[in-house]
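>>> I would like to see how this sequence folds:
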Amino acid sequence: MKYYQIPLGPLGTNCYVLSNEAKECILFDPGEEGTKLIQFIKEKKLKPLAVLLTHAHFDHIGALDVVREAFQIPAYVHEKENKWISDAMLNGSYFMMGNAISQKRAEHLISEEGTLKIGSFTFKVYETPGHSIGSVSYYEPEVGYLFSGDVLFQGSVGRTDLPTGSMDTLMKSINEKLLTLPKNTIVFPGHGGLTTIQDEIDFNPFLK
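Residues are numbered from 1 along each chain as shown. Okay, here's the model as predicted:
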């Protein structure tokens with residue numbers, strides 16, 4: 001599989017595009033700059049199958065509608081945050097950006113952990129609340145990729161001072177769900193650079 005990391009918007013939120021040999025792809029967290037993202041996908045001659053949201057804060061959903069409309073694909077989000085997508089108060093855009101970001105709610109809701117199959121793609125879905133109540137992480141076991149959203153970063157962890165955030169809950173999610181994955185798992189965070197589970201165990205000051 002091939003992946004592309006595309007930072008989008010004023011907060012540099014990482015959108016990831018994961019593609020297979022047939023050039024089908026999955027999009028993760030299209031946060032902003034929808035035209036740029038659509039142009040990139042078309043230039044690469046990729047065929048999107050779905051959008052997976054790690055959570056529904058405004059900087060992860062800003063281009064959701066335009067991308068879904070351009071490629072006629074569905075979105076997935078945890079059921080606890082589906083309302084956030086269309087509510088500027090809940091997704092934080094009203095308070096933090098001064099303008100309302102409201103998108104159509106997701107077509108598919110995640111209600112529990114398990115296996116998610118989309119075309120030839122298979123992900124293990126982990127509920128990893130703490131940054132937000134409906135944060136989820138997607139693990140692709142074949143290649144060892146973990147899309148962690150704003151739960152685990154390179155050398156840091158997600159903020160917990162926003163509504164429904166909890167440091168105790170976040171650390172439990174990280175320790176019980178993510179750090180138990182194979183140590184060579186590559187972590188694709190919502191902001192910043194890529195890392196591995198082993199590097200975070202060894203060097204992340206929040207995990208000591």
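>>> From now on I want contacts and neighbour counts done on CA atoms only, so please keep to that.
Noted.
>>> Tell me which stretches of the chain form strands.
Read by DSSP state E, the chain holds these strands, from start to end of the chain: 2-8, 13-19, 24-28, 47-52, 75-78, 108-110, 114-118, 121-127, 136-140, 145-149, 152-153, 156-157, 186-189, 195-196.
>>> Residue 176 is nearest to which of these?
Nearest to residue 176, of all the strands of the chain, is strand 121-127, at 10.3 Å by C-alpha to C-alpha.
>>> between the closest one and strand 136-140, how many degrees?
Calculated by axes from the mean of the first three to the mean of the last three C-alpha atoms, to 10 degrees, strand 121-127 forms an angle of 150 degrees with strand 136-140.
>>> Could you give the separation of strand 121-127 from the chain centroid?
Strand 121-127 sits 12 Å away from the centroid of its parent chain (C-alpha atoms, centre = their mean, to the nearest Å).
>>> Equivalent analysis for stretch 125-138, please.
From the chain centre to the centre of stretch 125-138 is a distance of 9 Å (C-alpha atoms, centre = their mean).
>>> how long is that stretch from one end to the other?
Using C-alpha to C-alpha, to the nearest Å, one end of stretch 125-138 lies 5 Å from the other.
>>> same check, this time on stretch 73-85
With C-alpha to C-alpha as the measure, the ends of stretch 73-85 fall 16 Å from one another.
>>> Out of the strands of the chain, which is closest to residue 173?
strand 121-127 (7.7 Å).
>>> ok, back up a step: tell me which of the strands of the chain lies nearest to residue 175.
Checked against C-alpha to C-alpha, the stretch from these lying closest is strand 152-153, at 10.4 Å.
>>> neighbouring contacts of the closest one?
Applying C-alpha atoms under 8 Å, 6 or more residues apart in numbering, the contact partners of strand 152-153 are 158, 174, 187, 189, 190, 191, 192, 193, 194, 195.
>>> Could you pull up the mean pLDDT of stretch 56-76?
The average pLDDT within stretch 56-76 is 98.
>>> go on, stretch 138-150?
In this model, stretch 138-150 has a mean pLDDT of 98.
>>> Stretch 97-108 too?
Here the mean pLDDT over stretch 97-108 is 90, rounded to a whole number.
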